[in-house]
Structures are given as C-alpha cells and as structure tokens.
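Enquirer: The amino acid sequence is not available; the structure is as follows:
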C-alpha cells in the first residue's frame, strides 16, 4: 500500500485508469495494466487500471479522473491509499465458460458485477464474449445473466397497471417504427417509458432520430416526470444506469460483431425489465440483410423470448416481420424524422405505417385496449400526432420543424440503368451509403430510397437521393456505388439475375 | 483526414495510443478506442488507438509518444496526417477461428502480422487467444503460426555447423538448469545463443537470475559479438525483436492463464527458429504442480514438438523429467544464482546437477560431441565453470561475487511440526512464498528449501529459510504459511496423509 496525493487528469478511456509515476508503481509492485484499489475512505473505493508515466504526474501523486470530485468529493491533494489487487474471481469463471462448463448463478452474478463495475480488462472482456459466443448459454444461464444485469443497474418502478414496451431486433435500415408505436399506445392511455439506443453500426438509432426533434438525455427522475405527464417518452438509454453491464458487453461484442443468442436475449430482456415494463412486443424482422436470417430462426428466437419473459413475470408477444429491404423511404436521422411525421399525418410510407399500426395493435390487444384497427383510428383522428408532439415538447423540443431545411446540402441521385423489376434493395449497401454520407453524426445526411422490391421501373427512374455535407463523403459514396449495387433490377420472370 | 501538430506525452500502455482533442476526434469521425492512421511521410506511418481529451492536448495538436522522435525524427510541431482506418481484415479471421473454421496460411499470416504491429485491440486479442483455446490449431495451422511469428521478427544467422538450444516448459520453481547447460555445451565447442525470459508468474526467470551476475539486455549485434567470443550467451529475449507477436500473445494469454497447446508449440519453436538454432533439447517437466500434469501429456506434446521441428528443418529431442517438486534448493534470483555456482563448482544440489548434465548430454549426443559422461567431465574439470565466467564477463559482469551478501536481510525459518517422511513439497506454495517475499524484483528475496520428497525428517528440522527486505512482506508470507502447507509430512506407510 502506498499513499499518494490526488491530481486530476482528464482523458477518456472505456475503462477506469489511474496514472502513477513509474517509481511509485515499482514501489507498490504494479505494472501498466495491473489493477489497484484506490481508497479514499470507507465509502469511496474503486478499482482501476494503472498506467505509468515519468512526466504527467510527479512521484507521490496519482492522476485520476475529474469525476472523482463530483462522485466522492476528492480534491487536488487529497491523500488516496493505493494497493495492488488480485485478479477478480470472475476471471476464473470466464475460463470455465471457455472450457464449456455451465456457470452457476453465483458465478454469473460475479461476472456481471465485475463487468458492470469495470473490474475486467478488455482482454478478459474479449475472452468472456468469445466464451459465450463459442460455448453458448443455456436457458438457465440466460435467465441468471438477465437477472444479474437488472440487479447491477437502476430500475424504474411505476404505479400503473399497464406498463408496455417495444423492441426491434436490428439490421433493417429506416425501421423507425418506435416513435409512431409510442405515440399510438400512449394516446391509447398506456404507459410506455421507451428507452432507445444510438447508432452503433447503423446510420441512425431511434435516439439519433428523436434528437432531430428534442433532447433525449434525461435522468431517471426527469423520465418519470415526462412519462407521468404524457404517458410515454422517447429517450436515449445510454445516459441511464439501466443494465449497465449490458452496454459494456455490447461494447466488447461490437469489434468482432459477436452476437451470441444468449446475450441478445439477456440484453433485450434486462433493459425491458429495468424500465419496469410488463407487456412487451418484440419485433423480429427476418430475411436477407437483417440480423435474423430466416423465418425459422426468428420463430425459434421468439419462443425463447416468450419463455424467458415468463420466468421474469413479463408478458411477451413477438412479431415476425419482413426485414429483407429498408422500411420507409428515409435512412438517416432527419430523413427518418420526415418519414415519421408523414406517417403521423396519415400520409407516410405505407410499409412504415402498416408495420407501426400492426405492432401498436399487438400491444393494444395484450392489454385489452383494442387492436390494429384501434391503432389506425388513433392515427386517423390525429390523436397519435398530438401525443407525439406532447412527448417532444415534454422533452424540451418541438415537432413543428421544417425538416427539409435540415437536410444536408450536397445531393446526388442514383437512377435505374435499365427497365425491369426491382428484385432487391440491399439493406447493407443502403446502410453503408448513409453512413459514408455522414449519418448519424451529420444528422441531415442519408439516403432517400424511392423504390421497393417487386416494383416495376423504367430505365432512368430515380432510385435514390443521397444527402451529405461534405464533398469527400460524396466521393466516398460514389466509390461504394461503383462497387456495390443498392438495387438489383431484372425481370421477375427470368431466374438468372445477372451473369458475371 | 485531419492535419495535427505533434506534441509529446509520455505515458506507457501496452498498445500504441495517441491523444486527440475531443473536437478534432469528432471532426475526423473517431471515438475513443477507434483506430487512426498517423502519417508523417511515405516511410513513417503507424496505426494507433485514439484517446480523447479536452485538456492534455489542445485543438490542432496530437499527443504522441516520445519514441516517435527517435524512430521517425518527428519533433514538437511536426505536422502529422491523421485519418480513421477500418478494422483490419484479421478481425474477420479471428471470428472465423471462433466459429471453429480452419484458418488458411494467408489468414494466419495476416493475424500474426497485425498482432506483431499492434493493430489489434485488447478485446480482439482476448477473442483471438480464446478462439485458439476453445477451437485449437491443427498441425498445419501451428506450423503456419510458427513461420509467421518468425517472419514478423528479426532472425539471427550463424556461420556455424552446430547451433544448439534448450527450452524448459515451466512451472517448476528453482529449475535453473539453463546457465549450467549453456556453460557445459559452450565449453564443448557448440554455439548456443540462449535467450531467456524474465519471470511473468514465477519468482524468477533465467534472465532475472543471470542479472545477478551481469547485464542481460543486448542488441542483436552485441549478442553476436558475445557468442562469437565465448560460443554462448545468456541474455534476456524480451529486449530483442525475435518473434515479437509471440510476446504479445503471451501478454494476452496471461490474465486468463490460457495456454493453448498450439500456441505453446508455436511460441517455443518460433523463438528457437528465430535465434537460428538447429539442434534443440526441449525439457518437459511433468507432475503435480508443473505445467504439464502427466507423463502421457508430456509424451504427446514431445511428439508434436518433434514433428513441428522436422517441418522447420530443426532437430528436436525432448526430455520428460520429474517436475513434481522444486529443483535445487534456492528459489528467487540470488538463491538460484548460489545453486548455479555450487553446481559449477561440483558441489551443488544433486538434482540440479543431475538434470543439467542429462540435458547437456542430450545436446552433446545430438551433435556427436559426447554424452552425459562428457558433460559431467566438463563440470569436474572446471571447464564449464570457466566458460560460465567467460560468458558473464563478456556480458559485462563477474561471477566472482559474494552472493550471500546479496541475500535480503530479513529472514524467517519454517520447521517440521512432526517426525516423518516428506510426502510432497508443493511447487505452487513455494513459488508463492518467494513471490510474496519480493522475488524477483527484490533479487535477494526468496526461499531456500532444505528438503526433498521421501526424505525422512525429525520434528523441529528446518524445512525452509525465507528471505525478504520488508517486514510487511514477511507478514504476508506468514499469512500464506498459516493457510497452506509448503511441505506435507507423514508416514510413507500410511495411506491417509491427513484427516480434515
């Protein structure tokens, strides 16, 4: 153990790091990357990873992050007690999973606790998600992981009979049904405290799209106020401490695109359980380019969701929906916001409209509040639009915006090179175009898709408009377009689409 | 792409990191942990991971490590071109391994290249070692990994007929045969450019022990000079660029104690191939507490080593040796150095002497230079001692040291609590005691073990002397001793050792 004086260094890493002078590190017997316990008083202790320096902090000092000030009241010069700590036991359990051995509930609890509290290194996290990927979780383990992830975070509690929710498994660009579903079911009097993610690999998450209208980062208390006022909310889940272990595991899965089924189940259900929802519709779009490839896979997953839900005392319905092409016309925050308003005004893209009222209908049926027809009526009457505006206002924004003005200024279009039938619109290529154009950071960037599968078109018809703020991003899109086809056009009678 | 001015920040992490102002990072579209390509000119470009800050560097600056100055001539204010880079393709191949698919040679080459050049994140490295651990490598893959690891680093070339080498698979405390074997075979006229490691999880590596006598960090050119002068060397391999990917993978395997067989084979053989050795004896100590648990496991591994060696045009002999208790008496750098000198003087611990001449004998046989008897004669004649002294002098030190004086000053002893037979001396407990006492950093710290298995002892006989420099470390040893038994004493007739 060594006593060091606190000094603040602001730098951002995914994991908690402290900076020690190389001589102090040697003295206490730790190397860069080793764990130390930093103790201020009996209430304030934290495990962090060591970096060493000869310059950034002096001997006798320890560089810590500024957040220690707000969190624990540590000030510059505060004496901190630093001692090396052993590897947590969860590392052993991770190895057990790699060895293909079923983990006990207590072992899962310990792993999830250490993930949530940043006690594992990236190497250990990489090993854990790899273990789950190669060895899998059985139903019992998935339940334990879900419960542990809920336990490690905050939970919302509601004094309402029907707290409902909705989740879509991803992969389909433009699938921005959430704001519409929330507006409909909140208009029907149900409580829907909806948290959404920002884009990780996609051109926009629901939180990115909602940010076009209003703020999306709120505290738990603020969310309660918004929901108590309007029945619903459309906020970013990332700012909250709901199932924090889940966010950290997603971060570890992301670089290798690992998406083990057990982790997907636990991830979705822990978030839903944490926000306190009891009636949940889970949308499983399937097909080429979606996350779930086939109807059979979607069905199998749906059964697992229902079973896990039952163990968690939640009512789950799953919709298996067409996911083999983009939904709506716009892909990118502003373009999707435009689609949403169009649907709420009763005009919008028919597929986005249909899917939204179908999902809302399932929620209404589950809670005895109606069905798909009721959902349609809530749009037709303007009640859903009104509710959406209310929620946006409650979140400090306005839905009365000239969205077209927010579109990025540079635009190119793509036209059909031949007459025929649209045989496919490629999810991945459309998403990549929107991302290269600058979405989601450049909120006005993205793709407007004019065509749908099986539609008949003529040579020269417009297929896409692409918006971006930067010339070099347009160039990058053009490169992509020269290599990949966004829309395949052929004859629906011919079996051969193309001879290469 | 963005142009930023270089500024130097010295901090040490396992991976190359650059510090960007949060606004610059946003501008170029990267997040903490993302990869960027830093370009100075056509010859100097490097991939690094981004950290962001609002304080440590200003907008328009980029914080880099000082080594860029020596390596590339970058000075403060030099304009660097920074652009985001995509994930390397090797990440895909790592996923393929996780999926249990055999990797092609070209895919393995790409992974090993990216490991050697620090292009992978810790999460990706954790996934790779986990993939190798759960899915394994077949013989073809092991050969490809070995070749790739050699290719990515420096190689030593020798104009000698017999370049020999020796490697021990670890886990047995006090197993310091290497300096003695090197002295014997170099005295016999063979060339042995021996590189060794420092302790990672043990109380001393050969490099730590040799450092008691002399310097162990040398460049490739310096090693050549030493070997040309004395036939041998005993240097630290870590300062060299021999099979650098191996060191990086070992770093990733270490936290989870993953030791996949394929990786062990490739690790050992790539190091041997890189130093240019052709005749190699590989020692496989087996038994309770050793890395290899059983004779059968040792034999299977031996056959794999021989096969891999043949593919690499190397002659391999493997010795399967007793590894179920410490070898020699001393555990810790100085204590092991004392044992070595004792053996070279013809007096030392009999097991260390026997094992050393047996291994040296195998090398002499392989090269037609004699056998175990020759090895013994080279000790008896003083030729091995003379050679050892020569090597130590060539490495800038002296073997004529009063080693006892270097022992740490605080000492406690452990005595037998009853009369009987020593049924076991526990490798792990002995190693843990030496580490808690301060080895290897405190070179004079460690354990002197007085007893061997099956030895008859009386109550009150001395079992261990423990040396340390610090009172609190002695305390920590005493805690360990109150929990674990270093030596189990019983009757060799009774089957029940203890009733708990």
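Expert: Here it is on my side, so go on. Computed from a predicted model, the values in this text were never measured in an experiment.
Enquirer: Check which helix or strand the one residue in the stretch 101-250 of chain A that gets nearest to chain B maps to.
Expert: Of the stretch 101-250 of chain A, the residue with the smallest distance to chain B, taken as CB to the nearest CB, is residue A:126 at 2.4 Å. C-beta here means a position set from N, CA and C on the backbone, and glycine is covered the same way. Secondary structure here is read from DSSP states H and E; on that basis residue A:126 sits in helix A:122-135.
Enquirer: Mind listing what's buried along stretch A:425-434?
Expert: Along stretch A:425-434, the positions that meet the burial threshold by neighbour count (16 or more other CB atoms under 10 Å in any protein chain shown) are A:425, A:426, A:427, A:429, A:430, A:431, A:432, A:433, A:434.
Enquirer: Now the residue nearest the centre of chain A: closest residue in space that isn't a chain neighbour?
Expert: Ranked by distance to the mean C-alpha position of chain A (CA atoms, centre = their mean), the top residue is residue A:197 at 3.2 Å. Sequence neighbours aside, residue A:205 is the residue nearest to residue A:197 in space, at 4.7 Å (criterion: CB to CB, 6 or more residues apart in numbering or on different chains).
Enquirer: Please apply the same query to residue A:446.
Expert: In space, residue A:446 is closest to residue A:332, 1.8 Å off (CB to CB, 6+ apart).
Enquirer: Identify the residues contacting the one you found.
Expert: For residue A:332, the set of contacting residues under the criterion of CB atoms under 8 Å, 6 or more residues apart in numbering or on different chains consists of A:203, A:204, A:434, A:437, A:439, A:440, A:443, A:444, A:445, A:446, A:447, A:467.
Enquirer: Which residues outside the worst-scoring helix or strand of chain A on mean pLDDT are in contact with it?
Expert: One helix or strand of chain A scores below all others by mean pLDDT, DSSP states H and E: helix A:67-72, with a mean of 77. Outside of helix A:67-72, the residues within contact range by CB under 8 Å, 6+ apart are A:6, A:8, A:40, A:43, A:44, A:46, A:74, A:75.
Enquirer: What distance do you get for the fifth one to residue B:194?
Expert: The spacing between residue A:44 and residue B:194, counted by CB to CB, to the nearest Å, is 50 Å.
Enquirer: And these two? Which one has more around it.
Expert: When neighbours are counted by other CB atoms under 10 Å in any protein chain shown, residue A:44 and residue B:194 differ, and residue B:194 comes out ahead with 26 against 15.
Enquirer: Which helix or strand contains the closest residue to that one other than its chain neighbours?
Expert: Across the structure, with CB to CB, 6+ apart as the measure, the residue nearest residue B:194 apart from its sequence neighbours is residue B:182 (5.1 Å). Assigned by DSSP H and E, residue B:182 belongs to helix B:178-187.
Enquirer: Now find how far off-centre the helix or strand following that helix is within its chain.
Expert: Remark: after helix B:178-187, the chain's next helix or strand is strand B:192-196, criterion DSSP H and E. Centroid separation for strand B:192-196 versus its chain: 12 Å, with CA atoms, centre = their mean, to the nearest Å.
Enquirer: Parallel or antiparallel, list what pairs with strand B:192-196.
Expert: The strands that strand B:192-196 pairs with in its sheet are strand B:232-236 (parallel) (by DSSP bridges).
Enquirer: List the buried residues of the partner strand.
Expert: Neighbour-count burial for strand B:232-236, counted by 16+ other CB under 10 Å, picks out B:232, B:233, B:234, B:235, B:236.
Enquirer: just stretch A:141-161 next, same as before
Expert: Applying a neighbour-count criterion of 16+ other CB under 10 Å, the buried positions in stretch A:141-161 are A:141-153, A:156, A:158, A:160.
Enquirer: Closest one to residue A:456 out of the residues you listed, please.
Expert: Sorting the buried residues of stretch A:141-161 by distance to residue A:456 puts residue A:142 at the head of the list, at 45.9 Å, by CB to CB.
Enquirer: Excluding chain neighbours, what is closest to the closest one?
Expert: Ranked by CB to CB, 6+ apart and with sequence neighbours excluded, the top spatial neighbour of residue A:142 is residue A:262, at 4.7 Å.
Enquirer: Any idea how many residues pack against the one you found?
Expert: 20.
Enquirer: With the one 3 residues further on instead?
Expert: Other residues near residue A:265 number 23, with proximity taken as other CB under 10 Å.
Enquirer: again with residue A:408
Expert: Applying other CB under 10 Å, we find 23 residues neighbouring residue A:408.
Enquirer: doesn't it fall inside a helix?
Expert: No - secondary structure of residue A:408 (DSSP: H, G, I helix; E, B strand; the rest coil): coil, not part of a helix.
Enquirer: Just the pLDDT for it.
Expert: At residue A:408 the predicted local confidence, pLDDT, stands at 97.
Enquirer: Now do the phi/psi pair for it.
Expert: As for residue A:408, its main-chain torsions (degrees, to the nearest 10) stand at phi -70, psi 150.
Enquirer: same deal with residue A:467?
Expert: Torsion angles at residue A:467 (phi, psi; degrees, to the nearest 10) stand at phi -110, psi 140.
Enquirer: ditto for residue A:318
Expert: Backbone torsions of residue A:318, given as degrees, to the nearest 10, read phi -120, psi 140.
Enquirer: Can you give me the pLDDT of the nearest residue to it once chain neighbours are set aside?
Expert: Nearest in space to residue A:318, with sequence neighbours left out and distances taken as CB to CB, 6+ apart, is residue A:302 at 3.6 Å. Reading off the confidence values, residue A:302 has pLDDT 94.
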